[in-house]
Structures are given as C-alpha cells and as structure tokens.
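1. sharing a sequence plus its predicted fold:
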Amino acid sequence: MGGFFGAVSKRDVILDVFFGTDYHSHLGTLRGGIAALTDNGFDRHIHNIENTPFRTKFESDINGISGKACIGCICDTDPQPILIYSHLGTYAISIIGVINNLQELTKEIINNSASHFGGMSGGRINTSELTAALINSKESFVEGIKYAHEKIDGSVSILILTDKHEIITARDKYGRLPVLIGKDGDGYCVSFESFAYEKLGYKDEYELGCGEIVKVTADKYETLYKPRKCKKRICAFLWTYYGYPNSHYEGVNVEVMRYRNGEIIARTDKEKNIAQNIDYVCGVPDSGLPHAIGYANESHIPFARPFVKYTPTWPRSFMPTNQNVRNQVAKMKLIPVTELINGKKLLFVDDSIVRGTQLRETVEFLYDNGAKEVHMRSACPPIMFGCKYLNFSASTSELELIARRTILELEGQEGEKYIDEYIDPETERGKKLRDTIAEKLKLDSLEYQTLDGLIKAIGLDENEICTYCWNGRE
Ligand code: SF4
C-alpha cells in the first residue's frame, strides 16, 4: 500500500509535509520520501523505514531546508518520490497503487522510444518512473496522466510537484483510494488521510472524484480534468481495516463505521440467538477493537481487553515485510491479561480473517490460559479473492486465503465451480465453508459480517464500493 501528502503555500511547508507524511506511516513499511522545491531547486530524500519510524529517519534531512512547496510519501514498494527531467519540466512524482502490467508497459515504452529505465535491485522498474514515462509521452500533464490511467492495468493515484510551485494530483480511475485537498489561510495540501491535515490546521476543502486531475497552487485549486463518469469502486477495506480511525473518506468516518459494523453483527447474533452468555466482548488489537466496541455497545456485554499490545518498542503495525517475521512480531506484541481469560467465555471481533494462521495460535493460547469458550466474529465476509487493484498486504495470493484453502480441501479444484455458492452464507456450501473454518480454528462459534451488513455499516451506495475481495465483483 502507501500514502502521500503534499502542500503548497505562501509560507514554508516543510514541517507540514514532514508530519503530514509521517501520519501515513500505518499505510506502508518499506520506504519514505520527501521532495521539496527550495530556492536552489529540488531537494529530495528517500530512506528505508523498515525498522525505524519515518520521523527519526527524516529529522536531520529537513533541518535547514525551507520551501513553499513539498511532497512526501510512505510506500511498500519502490523508492519515491523520484525526480524527472523532461519536456514537461523538472518535477517530483510519487504514486500509490499497483501496476499489474508493469512489464508489458516497460517493454512497450522501450520498443517505441528506444528509451531506458533505471533498474532497481531484483531487476525491477520503479513504478513511479514508469508512470512518469507514460505521462511524458504526451504534451501536457493532463494528457499524460489520462494516458497513464488508460494504459495502466491496476490503480494509480498520482502526486506531482512541478518546478513552478504547483502540485498536480490525480485520483485513480475508479476512486479505489481517496485523494483529499485541505486548505488553511496560506495555501493548500493534498493527502490520502484527512486527519493528517486536520491535525496540521487545514480544513476539508475537496475530495477528488474518479480519475479527476487537479492543480493546486498557494492561491487556489482547480480541476484540470473532471471526474470520469464511471462506476466508483472505493476500497471497503479502508473502513474495515487499514484506514486510520480519525479519517473520513466520502464523508464516512472510519471509527464510526467500525462501531456501526460491530452493532450490526451484534444484532444479527441476537436475532439468531447465538453466543448469548458471553462474559466479555473483545477486539483483536488494533483494528478489531472498534468493531468490538460497537458489538459491546449494542449487546450490552462488557467490553474487555484480554490482550494488550506492547507498543513501546513495537509501535508499527505492518512491519516487517517478511510474512514469517511479521507473524512472529505480531505474536510477541500481544500480551495477555490472564485474569480476563481464565474461566471466561470470550467473544472476539477481528477486522477480517485472511490466512487464519495467527488467529489459530491466538485461540490456542486463549484455551491454554483457561478460556472456557472462544467465539469469533469477523468484521467482514470470508475473503475469497486476492486484491488485484492495490498493493494490499492482507490478500496477496488466493491460495493463502483460509476460505480458498478450505474450499480446496473440501472438494479439490472442483470447488472452484461453486465459488458463488460458497460466497453466499445461506447456501449449503456457504454454511459448510464457515463451519469448517470454525472447526479448523477450534472456535466455539464463528460468524462473519455479511456483505449487506458491511455495506450498510459504510453507508454508501453499494455500487460505489469495491467488494471484489468478497464477491469477485469487478
Ligand atoms: S479488492 Fe479488496 S482490498 Fe482490493 S480494492 Fe477491492 S475491496 Fe479493497
């Protein structure tokens, strides 16, 4: 994944971009970068942030820089922002998203223009550089960005800082990720997370539409290319999992959505009359907690934290990038409160159940520590498809998904033919899938939020939300 923040103003904005970018640290673990337009031209810094927070790495870089236009990013893939010298001028560019046809596009550009790309370790091409090459093949930023959106299979939101003290930004074609503009008395900022600029004193000004291209200067922002008339597909996982609680997208706050989601799950449980003698409702830290608060509020069952995260030395939620080490880190971070476990009937809510590996270990641990019953609620339906639109860490390969592995175990490759039935919790296959996962995880009960419940909790038109992970709808 990744996130970006940029600002252009009548005053110095280096500190704004330093903190604004840092507030996107929950969205990526690999690289951080800043590019400022100073009196001496561009000043760009990129660091590996796998084991050190963004702020620590960039503190010394920003000392002594001043500039009224600056962009920054956090990302899980390539070093960014990169500096480009082209017929459109010199500019810094950063992107968020995924380019599935990276190799084909690279070949096409090399064959058509005899141009070249800087290689990275592992022989990869920097996705920002490829996007810049597509943009540069046209006569203006607008035409170039439209062309990049047209050619790229995947999703790309773009942040460009030009040498004319302006930011040009574009939201991805289907609006899978947010791009927002904030305003203060001296200028404007562009951000993925709304809370990042609110905390810095900017007020909400504008949220870009699908594929919209906007130019931002210290005096104003203007749409250079209107939102496409298309089906919007904003990522539902922004609310259930990776969006920051204080943020809002399309006017819907993340934390409030999570409470609503938990409430709906609790009401469904009540209607079904299941798991009614629970001692505590608990969230799997961190993103399961607000869904659990919603559940507890609705069910009037006390909320408790039988696990508390040890954050002083493990402050980051995604690190490191290696899955096995990440699992180990996740395990070390969670410290139990045995008094709240021993002899208790516990109902946990998690943001989602992806691979199920960590969850199985957690459940075993709870029983080892004397839990009488462990019930689990997933804040979203079973994940059936890996995300092909974003570089989203929770669902990379379909065979890693517990739901798909279980279907394979139940009826081999033949099961693929019945995916639609497995998706539907009301069918025999749908029920079988959910029961089998509950058995595998040794749970006393397992229920998933339904897709309808999830959409209701978000509160937007279902046609504006991406639900591909759960139902494969493009
Ligand atoms: S496929 Fe899933 S993770 Fe990807 S954009 Fe859609 S809802 Fe989000």
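-> On my side now, so go ahead.
2. next one: the residue of the stretch 101-250 of the chain found nearest the ligand from residue 279, what distance?
-> For the stretch 101-250 of the chain and the ligand, the shortest gap (C-beta to the nearest ligand atom) falls at residue 235, measuring 3.2 Å. Every C-beta, even on glycine, is put in place using the N, C-alpha and C of the backbone. Applying C-beta to C-beta, to the nearest Å, the value for residue 235 to residue 279 is 35 Å.
3. three-state assignment of the residue nearest to residue 231 when sequence neighbours are not counted?
-> Leaving aside its sequence neighbours, residue 231 sits nearest to residue 463 (C-beta to C-beta, 6 or more residues apart in numbering; 6.0 Å). Using DSSP: H, G, I helix; E, B strand; the rest coil as the criterion, the local structure at residue 463 reads helix.
4. so what's the residue count around residue 463?
-> Residue 463: 11 surrounding residues under other C-beta atoms under 10 Å.
5. break the chain down into its domains, please.
-> Domain assignment for the chain by automatic domain parsing gives 2-230, 252-471.
6. can I get these in a markdown table including mean pLDDT and distance to residue 241?
-> A markdown table is the format used below for the domains of the chain (pLDDT from 0 to 100; distance: least, C-beta to C-beta, whole Å):
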| stretch | mean pLDDT | distance to residue 241 |
| --- | --- | --- |
| domain 2-230 | 95 | 10 |
| domain 252-471 | 90 | 4 |
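7. what's next to the helix or strand in which residue 188 is found, contact-wise?
-> Element membership of residue 188 [criterion: DSSP states H and E] is strand 187-191. The contact list for strand 187-191 (C-beta atoms under 8 Å, 6 or more residues apart in numbering) reads 3-11, 13, 16, 20, 24, 68, 71, 159, 167, 169, 179-183, 197, 200, 202, 205, 214, 216-221.
8. if we can go back for a sec, more neighbours: which of residue 235 and residue 279?
-> Using other C-beta under 10 Å as the criterion, residue 235 and residue 279 rank with residue 235 on top: 28 against 19.
9. specify the beta-bridge partners of that one.
-> Counting by DSSP bridges, residue 235 forms beta bridges with residue 466.
10. which ones are touching the residue nearest to residue 262 when sequence neighbours are not counted?
-> Using C-beta to C-beta, 6+ apart and skipping residues adjacent in sequence, the residue nearest residue 262 is residue 294, 2.4 Å away. By C-beta under 8 Å, 6+ apart, residue 294 lies in contact with 258-266.
11. nearest spatial neighbour of residue 21, chain-adjacent residues omitted?
-> Residue 21 sits nearest to residue 72 (C-beta to C-beta, 6+ apart), 3.1 Å away.
12. elements contacting the strand or helix carrying the one you found?
-> Residue 72 is part of strand 69-75 when elements are defined by DSSP H and E. Judged by 3 or more C-beta pairs under 8 Å, 6 or more residues apart in numbering; DSSP states H and E, the packing partners of strand 69-75 are strand 2-9, helix 14-22, strand 31-38, strand 89-99, strand 154-162.
13. residue 398 is nearest to which of those?
-> For the helices and strands packed on strand 69-75, distance to residue 398 was read as C-beta to C-beta. The smallest value, 15.8 Å, belongs to strand 89-99.
14. just the buried positions in that closest one, please.
-> Within strand 89-99, the residues that count as buried by 16 or more other C-beta atoms under 10 Å are 91-99.
15. of those residues, closest to residue 56?
-> Using C-beta to C-beta, the buried residues of strand 89-99 come closest to residue 56 at residue 94, 20.5 Å.
16. my read: the closest one touches residue 4, true?
-> Yes. Counting by C-beta atoms under 8 Å, residue 4 is a contact partner of residue 94 at 5.2 Å.
17. anything in contact with each of the two?
-> By C-beta under 8 Å, 6+ apart, residue 94 and residue 4 have these common neighbours: 71-73, 159.
18. ok, back up a step: who wins for most neighbours among the contacts of residue 294?
-> Ranked by neighbours (other C-beta under 10 Å), those are led by residue 262, which has 30 neighbours.
19. and the protein, which of its residues are near the ligand?
-> Contact residues, the chain versus the ligand (C-beta under 6 Å from any ligand atom): 176, 235-237, 387, 389-390, 392, 466, 468-469.
20. give the buried subset of those as a PyMOL selection command.
-> To isolate the buried ones among the residues of the chain next to the ligand in PyMOL, judged by 16+ other C-beta under 10 Å, type:
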select buried, resi 176+235+236+237+387+389+390+392+466+468+469
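21. turn the residues of the chain next to the ligand into JSON lines, including secondary structure.
-> Output for these, formatted as JSON lines (three-state DSSP):
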{"residue": "176", "secondary structure": "coil"}
{"residue": "235", "secondary structure": "strand"}
{"residue": "236", "secondary structure": "coil"}
{"residue": "237", "secondary structure": "helix"}
{"residue": "387", "secondary structure": "coil"}
{"residue": "389", "secondary structure": "coil"}
{"residue": "390", "secondary structure": "coil"}
{"residue": "392", "secondary structure": "coil"}
{"residue": "466", "secondary structure": "strand"}
{"residue": "468", "secondary structure": "helix"}
{"residue": "469", "secondary structure": "helix"}
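22. what about the helix or strand where residue 105 lies, distance to the chain center?
-> Assigned by DSSP H and E, residue 105 falls within helix 102-113. With C-alpha atoms, centre = their mean, to the nearest Å as the basis, helix 102-113 stands 29 Å off its chain's centre.
23. helix or strand right after that helix?
-> Toward the C-terminus from helix 102-113 - assigned by DSSP H and E - lies helix 127-136.
24. need the residues that contact the helix or strand that that next one is followed by.
-> Sequence-wise, the next helix or strand downstream of helix 127-136 (DSSP H and E) is helix 141-151. Residues from elsewhere that reach helix 141-151, judged by C-beta under 8 Å, 6+ apart: 88, 101, 105, 131, 134-138, 156, 158, 160, 162, 168, 170, 172-173, 211, 213, 224-225.
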